[in-house]
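J.: build me a model:
(one chain, ligands or ions: 1)
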Amino acid sequence: MLSRRTFLRSTAAVLLIPSRGSVPADVFTLGVASGDPLPDGVLLWTRLAPRPLEAGGGMGASPVEVRWEVADDERFRRVVRSGTAVARASNAHTLHVDVRGLGAARDYFYRFRVGSQVSPTGRTRTAPAPGASPRRLRFTTASCQNWQDGFYTAYRSMAAEDLDFVLWLGDYIYESAPWPGLVREHAGTGQPYTLDEYRIRHAQYRTDPDLARMHAAAPWIVSIDDHDVDDNWTGDLPADPRAVERVPFPARKAAALRAYAEHLPIRVGPRGRLFRRLSFGDLATVHVLDTRSYRSPHPTTIAQAREPWRTMTGDPQESWLVRGLAGSGARWNLLANQVMVAAGDSKPGPGEKYSFDGWDGYVAQRRRLLEFLGSGATRNPVVLTGDQHATWINELKTDFRAEGAPVVAPEFVATSITSGGDPDVARFWAERAVLQNENPHCRYLDNQRGYLLADLTPGELCVRLRVVDSVTDPSAGAARDAARFVVETDRPGVELEGPPDLSGAPGGTAL
Ligand SMILES: [Fe+2]
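T.: Next up is the predicted model:
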């Protein structure tokens, strides 16, 4: 007779492991991913979805046991960690395996198995040990990959860069409705509102082979921005609070953030917290911000933008950031930020016109943050930003309109992977003249698609702007360097190294 314990265990096993025949074929259509690297571990991800554009992904309701393996070598001869995890319908059969017990600053290979089905192999890298002094870190920053605007050509080059990590700065998906006639079309019949609809949107993005390859090439450290949920949302408000939507905004936001957490290799903190810190020995600490979830509503006038109560981060996150910047002990402090910190006055002449969705809408908190960055209480702060769909290389000042104000930190705004499509040359050159005159703290502007590649050493941060010729031509070639920038330690200004690339018509320009 079975003991009660044995009975429970065997019942659980029967419930968890369906008979081999009941698992559909081709469960690994969405690839693998890793993220949030630690000195002793990394988060591994996959999703079982034989039919990714269907609700439920074609998996039915049963839980499925998945084996995972981490090895020193690509052929899995030396497996160093392995185990099983259960993929459940309640999480869209996504899996997050937080593997620990790994060595610091080392490459690992990982894969998943269901029965005889084996996932693609991913490569990842753990962070350096807490006391270590790494000689170099190499990472990219990128954002904004609207599916409908183009192909993810940039990732073909990024996957070959031998990265410690990818810093993702927001707009992983776009919530926009399918729009016929663009480069490629979103699935579905309208914008996503429900959990199933956001899951399908995420799944569609993951069917792109270049994006899948990039996730398998390096760990990602991801953050959210507006389009991951809804255009220009703030806190508990959609962009237009008066609009009557199919699903009320709080429920829509919850569905979007849940699908985001399910589909990306991210460690979500207590109460859904997405802001977090990752350390890379004594060389760098990455402070990942969430500039959406705790924001005050947008101002509508410049006077409102200066009201001291308005906050981009909420008070708890601001205290967390300032405490972490002061106490990190790292030589470089990288802020993974979403919307531009530098002023972006777009009105020619004496007047001012700003986008209030950026830090220009939250001037009092910006000033507080910039004064702190300039106070010497933290070492070598560098702001890394997305959202603009253009490259802006800025020198941040406590007062952008005072000529003599000192530079407190550099800001590197990464362009988009696809959003905005191929650049509009005439429009860029027209806008460039205005932006140049109105924003002298901006040292360089470029409207091509691509990403930033950063090499960080104890002595300097070197950033290369990598651009692709086209995101609408699927046969476009590899990314190339359009410009190179250097920040020296303890000197917050940005040096432009080498002549700007003006060979291609839409090219960048030094300001
Ligand atoms: Fe965007």
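
J.: in the stretch 151-300 of the chain, which spans are helices?
T.: Assignment of helices within the stretch 151-300 of the chain using DSSP state H, counting those that start in this stretch yields the ranges 154-158, 195-206, 209-217, 249-263.

J.: which of these sits closest to the ion?
T.: helix 195-206 (13.5 Å; Cβ to the ion). C-beta here means a position set from N, CA and C on the backbone, and glycine is covered the same way.

J.: which strands and helices sit next to the closest one?
T.: helix 209-217, helix 249-263 (3 or more Cβ pairs under 8 Å, 6 or more residues apart in numbering; DSSP states H and E).

J.: format the ones you listed as CSV; extra columns: mean pLDDT and distance to residue 290.
T.: Below are these laid out as CSV (pLDDT from 0 to 100; distance: least, Cβ to Cβ, whole Å):
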stretch, mean pLDDT, distance to residue 290
helix 209-217, 98, 21
helix 249-263, 98, 10
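
J.: possible to save those helices as JSON lines with distance to residue 202 and mean neighbour count?
T.: Output for the helices and strands packed on helix 195-206, formatted as JSON lines (distance: least, Cβ to Cβ, whole Å; neighbours: other Cβ atoms under 10 Å):
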{"stretch": "helix 209-217", "distance to residue 202": "11", "mean neighbour count": "20"}
{"stretch": "helix 249-263", "distance to residue 202": "4", "mean neighbour count": "20"}
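
J.: export those to TSV and tack on distance to the ion?
T.: Shown next, in TSV, are those (distance: least, Cβ to the ion, whole Å):
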stretch	distance to the ion
helix 209-217	16
helix 249-263	15
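
J.: residue 464: which of those helices is closest?
T.: helix 209-217 (17.4 Å; Cβ to Cβ).

J.: format the helices and strands packed on helix 195-206 as TSV; extra columns: distance to residue 463.
T.: Shown next, in TSV, are the helices and strands packed on helix 195-206 (distance: least, Cβ to Cβ, whole Å):
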stretch	distance to residue 463
helix 209-217	19
helix 249-263	27
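
J.: OK, contacts around the closest residue to the ion within the stretch 1-150 of the chain?
T.: Among the residues of the stretch 1-150 of the chain, residue 144 lies nearest to the ion; the distance is 3.4 Å by Cβ to the ion. Counting by Cβ atoms under 8 Å, 6 or more residues apart in numbering, residue 144 touches 170, 171, 227, 386, 387, 389, 415, 416, 417, 418, 419, 420.

J.: hang on, isn't the first one packed against residue 143?
T.: So that's residue 170. Yes: using Cβ atoms under 8 Å, residue 170 is in contact with residue 143, at 5.2 Å.

J.: these two: which is more packed in?
T.: residue 143 (28 against 25; other Cβ atoms under 10 Å).

J.: which residue comes closest to the more buried one once chain neighbours are left out?
T.: In space, and not counting its chain neighbours, residue 143 is closest to residue 386: 2.7 Å by Cβ to Cβ, 6 or more residues apart in numbering.

J.: so the one you found sits against residue 338, correct?
T.: Yes: at 5.7 Å, residue 386 counts as touching residue 338 under the criterion of Cβ under 8 Å.

J.: need the overlap of contacts for those two.
T.: With contacts taken as Cβ under 8 Å, 6+ apart, residue 386 and residue 338 have 143, 169, 170, 225 as neighbours in common.

J.: ok, of those, which one's closest to residue 424?
T.: Using Cβ to Cβ, the shared contacts of residue 386 and residue 338 come closest to residue 424 at residue 143, 19.2 Å.

J.: pLDDT score for that closest one?
T.: Residue 143 is assigned 98 on the pLDDT scale.
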